[in-house]
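Q: Sequence first, predicted coordinates after that:
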Amino acid sequence: MDFSLSAEHESFRRVVRQFAEAEIAPNSEEWDRTHEFPTATVLAMGDLGLFGLIFPEEYGGAGADFLTLCIAIEEIARVDSSLAITLEAGVGLGANPILQYGTAEQKDRWLPDLVAGRRLAGFGLTEPDAGSDAGATATRAELDGDEWVINGAKSFITNSGTEITSLVSITARTGPEEISTIIIPAATEGFVVEPGYRKMGWRASDTHGLLFEDCRVPAENLLGDRGRGFHQFLEILDGGRVALAAMSVGVAQGCLDHSLAYAKERKQFGRPIGANQAIAFKIADMQVAIDAARLLTYRAAWLKDQGREFRQAAATAKLFASEAAVDATRQATQIFGGYGFMDESPVSRFYRDAKVLEIGEGTSEIQRMVIARALGL
């Protein structure tokens, strides 16, 4: 049993870390303060090939394994959660459904720009009255000749309103007991992108509510088989949970890095605060949790890459890593004391950003439900 990453994975990690530290970290505080979506930097991430890692070469991708994507997300999240979720959602929720379920024509039309990072896509699942209970989807799509007519609303949709967003795939009821997935191109008449949310965290990521008011798209915009939308998004979310676990690991690692440096330089009572057991033990506990979260995440990614069943492993990784990240940000803020409470401090931003990791792509409660059911309960 070999727990080490390959030389290629380690080399790739260094490349992404250098990019994150040079191009993202110096600007993160400003983007957070202004709620600015950094289009130029997102496009630069595309130029680096980050949006195309797991996609076939025929669409401009690198044909890399899923673990490679997890490493990229982890390294971006180590400095900025907003850019990490832009990548995670753009790949896992935006482009991946097209790859997994799209027709040849749909793939040829949409994937090259999404894979290159020239465009982004969103995935519209959550609704005002359908969150964890996604089966309560109320958005409706009815066939009128050769068009779908869509009416309804979606909530909290990432990458849905940027200047480079090309489409949003949504779930909608196409019959009384039938949920399907439909592609809605940006700027389609009747597709309304509501103003961006005022958020506690992820302030530099793009998040909107969406309205569909007699929105018409061609019948061939159905993504995958009619009536399979519910099953499709469950499959998509399994991979997304592993990616979000990787993001959580990155957040926790960023907190550890900042806390360790601060504990060595900050002096009280004539010595560095890290010399005090109360601080040293917090940092040691952080390291233990990060090691465990990373191993769980890489195991789930490995299972996915091997084509093996990974649903329970994904839920386990997402549950443990997200809760470890939230705890790491709380401990890091405590270590920084009053400075940690100031918005200029990176751990303050990490603290605000982390909470949603326990909510997005399935709450901690949903993960526990998935795990319990896998155990036969």
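A: All right, it came through fine.
Q: need the strands for the protein, in chain order.
A: Ranges of strands in the chain, per DSSP state E, are 120-124, 140-144, 147-158, 165-175, 178-185, 191-193, 207-218, 222-223, 267-268, 271-272.
Q: wait, which of those strands is closest to His35?
A: Among the strands of the chain, the nearest to His35 by C-beta to C-beta is strand 207-218 (10.2 Å). For every residue, glycine as well, the C-beta is placed using N, CA and C.
Q: packing partners for that closest one?
A: Strand 207-218 is packed against strand 147-158, strand 165-175, strand 178-185, strand 191-193, with contacts defined by 3 or more C-beta pairs under 8 Å, 6 or more residues apart in numbering; DSSP states H and E.
Q: Adding mean pLDDT and mean neighbour count as columns, could you present those in CSV?
A: Converted to CSV, these look like this (pLDDT from 0 to 100; neighbours: other C-beta atoms under 10 Å):
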stretch, mean pLDDT, mean neighbour count
strand 147-158, 96, 21
strand 165-175, 96, 24
strand 178-185, 96, 22
strand 191-193, 96, 18
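Q: Would you list the strands that the helix or strand of the chain at the bottom of the mean pLDDT ranking pairs with, along with their directions?
A: In the chain, the helix or strand scored least confidently by mean pLDDT, DSSP states H and E is strand 267-268, which has a mean of 93. In the sheet containing strand 267-268, its partner strands are strand 271-272 (antiparallel), by DSSP bridges.
Q: so for the strand it pairs with, what's the average pLDDT?
A: The pLDDT scores in strand 271-272 average 96.
Q: for stretch 247-255, same thing?
A: 98.
Q: cool, and stretch 196-213?
A: pLDDT averaged over stretch 196-213 gives 96.
Q: In a markdown table, list the helices and strands packed on strand 207-218 along with distance to Ile236.
A: A markdown table is the format used below for those (distance: least, C-beta to C-beta, whole Å):
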| stretch | distance to Ile236 |
| --- | --- |
| strand 147-158 | 13 |
| strand 165-175 | 9 |
| strand 178-185 | 9 |
| strand 191-193 | 21 |
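Q: re earlier: tabulate the strands of the chain (TSV), appending distance to Glu309.
A: Formatted as TSV, the strands of the chain follow (distance: least, C-beta to C-beta, whole Å):
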stretch	distance to Glu309
strand 120-124	23
strand 140-144	32
strand 147-158	27
strand 165-175	24
strand 178-185	23
strand 191-193	37
strand 207-218	32
strand 222-223	24
strand 267-268	51
strand 271-272	48
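Q: Looking at those strands, which is nearest to Ser259?
A: Here strand 271-272 is closest among the strands of the chain (C-beta to C-beta), at 12.3 Å.
Q: Touching that closest one from outside, list them.
A: 263-266 (C-beta atoms under 8 Å, 6 or more residues apart in numbering).
Q: hmm, try it at 10 Å
A: Outside of strand 271-272, the residues within contact range by C-beta atoms under 10 Å, 6 or more residues apart in numbering are 262-266, 279.
Q: Please tell me how far it is from the chain's geometric centre.
A: Averaging C-alpha positions (C-alpha atoms, centre = their mean, to the nearest Å) puts strand 271-272 39 Å from its chain's average.
Q: quick one: which of the strands of the chain is nearest Arg368?
A: Ranking those by proximity to Arg368 (C-beta to C-beta) places strand 147-158 first, at 21.4 Å.
Q: re earlier: identify those among the contacts of strand 271-272 that sit within helices.
A: Mapping the contacts of strand 271-272 onto helices (DSSP state H) picks out 262-265, 279.
Q: And the furthest pair within the residues you listed?
A: Glu265 and Ile279 (12.3 Å).
Q: more crowded one of the two?
A: Counted by other C-beta atoms under 10 Å, Glu265 and Ile279 do not tie: Ile279 has more neighbours, with 20 against 10.
Q: What pLDDT does the model give the more buried one?
A: Reported pLDDT for Ile279: 97.
Q: how near is it to Ala324?
A: Using C-beta to C-beta, to the nearest Å, Ile279 is found at 19 Å from Ala324.
Q: can you check Arg216 too?
A: Arg216 is 46 Å from Ala324, by C-beta to C-beta.
Q: contacting residues around the closest residue to Lys355 other than its chain neighbours?
A: By the measure of C-beta to C-beta, 6 or more residues apart in numbering, the closest residue to Lys355 outside its immediate chain neighbours is Val326, 6.1 Å from it. Val326 makes contacts with 248, 251-252, 350-351, 353-358, 364, as judged by C-beta under 10 Å, 6+ apart.
Q: Just flag the most distant two among the residues you listed.
A: Spanning the widest gap among the contacts of Val326 are Phe350 and Ser364, at 18.5 Å by C-beta to C-beta.
Q: Cool, thanks, signing off.
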